[in-house]
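Engineer: Have a look at this prediction, sequence included:
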Amino acid sequence: LTFDDGYLSNHQRLFPLLDGLGMKAAIFPIGVHVGRTEYKDTLSSITPHFSYAQGAEMVRSGTVELGSHTYDMHRYAPLEPEGQARDGVLPLPGEGRLRYCQRLESDFRLSARMLERYAGASPIALAYPQGLHTPESEGARKQAGYLISLTVEPEVSVLRPGGAESLSLLGRFAVDDIPADRLLETIEKGLEKAEGVTPGP
């Protein structure tokens, strides 16, 4: 199970449920919103997000793994200065490739550093905001040390032992993508398909 954004309800409601059911989850908080109820330096209210201390509590339990949803690439256009609202991690208009790559890697590294320092997490996965990505973002993600990247494409991913590329751009089914019975059927078919996959080198 994966959850994006890092809402306070993940700590208050999801965390106890997971623990009670003996289940685990990966949560991908937006770094700049951790512990906040307002959008950055504005007075505009946002859905409350859990703090690093609350994230650390979940990590210590062994029930939750924290990954990155970027530090500050997940932006809301109406509250951003003109020209500063990206679509996911896509480049801004007129942003040169070198500057774009530098910003990506800097953001991804900052997100990991904050999770490590303040939540005791060792993030290995990055979930792209809106699932949007570029070849440059994949390069920056690898340079920043994330082994896994996730999109929002509703598809089954097959992981191949020894095949690092099979950890790139993994699909995920959102709660409104597929009914529960079809999701279970899809998982079962995916498992059957995976059993016939020859391990990579």
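Structural biologist: Right, received. Where do you want to start? Just so you know, these numbers come straight off a predicted model, no measurement behind them.

Engineer: For the rest of this, base every contact and every neighbour count on C-alpha atoms.
Structural biologist: OK.

Engineer: and the end-to-end length of stretch 9-22?
Structural biologist: Terminal residues of stretch 9-22 are spaced 18 Å apart (C-alpha to C-alpha, to the nearest Å).

Engineer: now swap in stretch 79-89 and tell me
Structural biologist: End-to-end for stretch 79-89, by C-alpha to C-alpha: 17 Å.

Engineer: Return the set of buried residues in it.
Structural biologist: Of the residues in stretch 79-89, 85-89 count as buried by neighbour count, 16 or more other C-alpha atoms under 10 Å.

Engineer: Give me the buried positions along stretch 88-108.
Structural biologist: For stretch 88-108, using 16+ other C-alpha under 10 Å, the buried residues are 88-91, 100-101, 103-105, 107-108.

Engineer: Not counting that stretch itself, show me its contacts.
Structural biologist: 68, 70-75, 83-86, 128-134, 136-137, 140-141, 143-144 (C-alpha atoms under 8 Å, 6 or more residues apart in numbering).

Engineer: Give me the ChimeraX select line for these, limited to the buried ones.
Structural biologist: Those of the contacts of stretch 88-108 that count as buried under 16+ other C-alpha under 10 Å are selected in ChimeraX with:
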select :68,70,71,72,73,74,75,85,86,128,129,131,132,133,136,137,140,141,144
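
Engineer: can you point me to the longest helix in the protein?
Structural biologist: In the chain, taking DSSP state H as the definition, the longest helix is helix 97-119.

Engineer: could you give me the average pLDDT of that one?
Structural biologist: Throughout helix 97-119, pLDDT has a mean value of 98.

Engineer: Return the alpha-carbon coordinates of it using CSV.
Structural biologist: Output in CSV follows, covering the C-alpha atoms of helix 97-119 (Å, rounded to 0.1, in the frame of the first residue of the first chain):
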residue,chain,number,x,y,z
ARG,A,97,18.5,21.5,-19.3
LEU,A,98,21.6,22.0,-17.0
ARG,A,99,19.7,24.2,-14.6
TYR,A,100,16.7,21.8,-14.7
CYS,A,101,18.9,18.8,-13.8
GLN,A,102,20.6,20.7,-11.0
ARG,A,103,17.3,21.7,-9.5
LEU,A,104,15.9,18.1,-9.7
GLU,A,105,18.9,16.6,-8.0
SER,A,106,19.1,19.3,-5.4
ASP,A,107,15.4,18.8,-4.5
PHE,A,108,15.6,15.0,-4.4
ARG,A,109,18.7,15.1,-2.2
LEU,A,110,17.2,17.6,0.2
SER,A,111,14.1,15.5,0.6
ALA,A,112,16.2,12.4,1.4
ARG,A,113,18.4,14.3,3.8
MET,A,114,15.5,15.8,5.8
LEU,A,115,13.8,12.3,6.0
GLU,A,116,17.0,10.8,7.2
ARG,A,117,17.9,13.5,9.7
TYR,A,118,14.5,14.2,11.3
ALA,A,119,12.5,11.0,10.7
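
Engineer: Contacts made by whatever helix or strand comes next after it with the rest, please.
Structural biologist: With elements assigned by DSSP states H and E, the helix or strand that comes after helix 97-119 is strand 125-127. With C-alpha under 8 Å, 6+ apart as the test, strand 125-127 has contacts from 4, 28, 67-70, 141, 146-151.
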